[in-house]
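Peer 1: Sequence first, then the predicted structure, then my questions.
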Amino acid sequence: MKIMIVGGGGREHAIAWAVAKSPKCDKLYAAPGNAGIAEVAECVDISVMDAPALVSFAKEKAIDFVIVAPDDPLAAGVADAFLDEGIKTFGPRKNAAIIEASKAFSKDLMKKYNIPSAAYETFDNAEAALAYLETQEPPYVLKADGLALGKGVLICQTLEEAKDGIKEIMIDKKFGDAGDKVVIEEFMTGREVSVLCFSDGKTILPMTSAQDHKRAGDGDTGLNTGGMGTFSPSPFYTDEVAKFCEENVYQRTIDAMAAEGREFKGVLFCGLMLTEKGPRVLEFNARFGDPEAQVVIPRLKNDIVDVMIACADGTLDQIDLAFEDNAAVCVMLASDGYPVSYKKGYEIKGLENFADKEDYFVFHSGTKFADVDGEKKVVTNGGRVLGVVALGNDLLEARKNAYDATELIDFENKYMRHDIGKAIDEQ
Ligand code: AMP
Ligand code: GLY
């Protein structure tokens, strides 16, 4: 089978690694891919947003199955473009990807179908939003409605700060059109857990749990990033929490989407907060998380191609999804200065150290090939550069292995958090 992955980050590298080891995969392409994905796939220089070029490439190469991994192309209807040409595709159509692309939509859906989440109000004009803030208590949670690279949520400690936030989002348009509407939400506290679920529109199969560390600095300080590291499973996602979510969140959400005429096929990412009153949904995404995929996929026992095709075909009820009884930790190696400003183009040394290691992976996020002194080398090409992943019998071992493995890689400007998976120590 000829398979193509649309995307070019660490998540796509983890997917590509798993797809490439499937006996069902004869040839793998990635658009645009990156220097790491190039080890397992042929990379083609087509933008993830260029649906016509992607579809014509897929037709030219007679590709049998396409995986659309990132949020922007899903929200823009890139999966639809393949499906409408009769090409089997993994990933929701635009009308279902809206569960991530519009916070107002997902909040209304949760309210209508009684899916536990924070109380909220939606505003499409700044005056009304500002007036509403006056009636609320701090902290204030403001969410730009649309996609904002994971940065569209502001938690404000004072009324002043919240008012400035509304101005930034709705008047200054800091996040562009994503700020045409804003959701103001009840502030909740508790542990956060991410549960990614495969869905074929009718059946939903939750994967093993994971947790992301979103802030740039140790001890959860500094700015929000795309994710500085992850661990899986989460010790806080107990059987009791899982049972509650299976009954009140996962199935109910895809049934709700189906009832709305928005069949959801692909990965439904449920961002949960474990509050004192029980689990609550923080957000839905319409795709694998990045870097959650980097710790969840290496623990998957199934052939990922079988599972993804079952999602596309509507036969997920025939899949017995299983994960290894182990743990994984991903430490993101970033460029110092991320997420604000940073330099790139530095040679990355030590990648070859991972070639012969079974329980260690290095998934590329922002890398590319460049000519260094007349030789083709892998250089840094983004804020988040590489995800160093290690498995272990338990989280503590996986964490030690992952941090040991970060020593094997070197580049100028290398920055990482030192407390990924730290919550584990509290167990
Ligand atoms: P989201 O993109 O909606 O997941 O929000 C990003 C982050 O903001 C979450 O991972 C939480 O840490 C925080 N957050 C979002 N909503 C709330 C809320 N209602 N109460 C407290 N924290 C929140
Ligand atoms: N790691 C969070 C996300 O992918 O949205």
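Peer 2: Arrived safely. Ligands and ions are numbered 1, 2, ... in the order given.

Peer 1: near ligand 2, which residues of the protein show up?
Peer 2: 150, 212, 227, 285, 289-290, 292 (CB under 6 Å from any ligand atom). C-betas here are computed from N, CA, C, even on glycine.

Peer 1: hang on, isn't residue 129 packed against residue 180?
Peer 2: No. The criterion here is CB atoms under 8 Å, and residue 129 misses it with residue 180 at 11.8 Å.

Peer 1: Which single residue of this protein ends up nearest ligand 2?
Peer 2: For the chain and ligand 2, the shortest gap (CB to the nearest ligand atom) falls at residue 289, measuring 3.4 Å.

Peer 1: host element of that residue?
Peer 2: Under the assignment given by DSSP states H and E, residue 289 is not contained in any helix or strand.

Peer 1: Count the residues that sit near it.
Peer 2: Using other CB atoms under 10 Å, residue 289 is surrounded by 23 other residues.

Peer 1: residue contacts, it?
Peer 2: 11, 194, 196, 210, 212, 227, 230, 269 (CB atoms under 8 Å, 6 or more residues apart in numbering).

Peer 1: Against ligand 1, which of those make the cut? List them.
Peer 2: Okay, of these, nothing touches ligand 1 (CB under 6 Å from any ligand atom).

Peer 1: Flag every buried residue along stretch 322-340.
Peer 2: For stretch 322-340, burial by neighbour count (16 or more other CB atoms under 10 Å) applies to 323, 326-335, 338-339.

Peer 1: For the stretch 251-400 of the chain, give me the ranges with low pLDDT.
Peer 2: Along the stretch 251-400 of the chain, no part satisfies pLDDT under 70.

Peer 1: Quick check, residue 85 in contact with residue 56.
Peer 2: No. Contact criterion CB under 8 Å: residue 85 and residue 56 do not qualify, at 9.4 Å.

Peer 1: Okay, buried residues for stretch 162-181 please.
Peer 2: 162-163, 165-166, 168-170, 174-175, 178-181.

Peer 1: Tell me the residues of the stretch 151-300 of the chain that contact ligand 1?
Peer 2: So the stretch 151-300 of the chain meets ligand 1 at 153, 155, 185-188, 192, 214, 271, 282-283 (CB under 6 Å from any ligand atom).

Peer 1: From those, list just the buried residues.
Peer 2: Buried among these by 16+ other CB under 10 Å: 153, 155, 185, 188, 192, 214, 271, 282-283.

Peer 1: possible to save the residues you listed as a markdown table with secondary structure?
Peer 2: As requested, these are exported to a markdown table (DSSP: H, G, I helix; E, B strand; the rest coil):
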| residue | secondary structure |
| --- | --- |
| 153 | strand |
| 155 | strand |
| 185 | strand |
| 188 | coil |
| 192 | strand |
| 214 | coil |
| 271 | strand |
| 282 | strand |
| 283 | strand |
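
Peer 1: right, and the pair among those residues with maximum separation?
Peer 2: Using CB to CB, these span at most 16.8 Å, a distance reached by 185 and 214.

Peer 1: just checking, residue 391 is part of a strand?
Peer 2: Yes. Under three-state DSSP, residue 391 sits within a strand.

Peer 1: Tell me who's in contact with it.
Peer 2: Residues in contact with residue 391, defined by CB under 8 Å, 6+ apart, are 298-299, 324, 326-328, 359-360, 398, 401.

Peer 1: and with 7 Å instead?
Peer 2: Neighbouring residues of residue 391 by CB atoms under 7 Å, 6 or more residues apart in numbering: 298, 326-328, 359, 398.

Peer 1: Of those residues, which belong to helices?
Peer 2: Among these, DSSP state H puts residue 398 in helices.

Peer 1: quick one: which of the contacts of residue 391 sit in strands?
Peer 2: Of the contacts of residue 391, the ones assigned to strands by DSSP state E are 327-328.

Peer 1: Pick the one among the contacts of residue 391 closest to ligand 1.
Peer 2: So of these, ranked by how close each gets to ligand 1 (CB to the nearest ligand atom), first place is residue 328, at 20.2 Å.

Peer 1: Need phi/psi at residue 108.
Peer 2: Main-chain dihedrals, residue 108, degrees, to the nearest 10: phi -60, psi -40.

Peer 1: For the closest residue to it other than its chain neighbours, which three-state class applies?
Peer 2: Spatially, and ignoring its direct neighbours in sequence, residue 108 is nearest to residue 122 (7.6 Å; CB to CB, 6 or more residues apart in numbering). Per three-state DSSP, the secondary structure class of residue 122 is strand.

Peer 1: Over to residue 281?
Peer 2: Looking at residue 281 with three-state DSSP, the answer is strand.

Peer 1: Just give the number of residues close to it.
Peer 2: Neighbour count of residue 281, defined by other CB under 10 Å: 20.

Peer 1: do residue 352 as well
Peer 2: 8.

Peer 1: hmm, who's touching stretch 230-243?
Peer 2: By CB under 7 Å, 6+ apart, stretch 230-243 touches 191, 193, 208-212, 274, 279, 291-292, 294-296, 299, 327-330, 395, 420-421, 424, 427.
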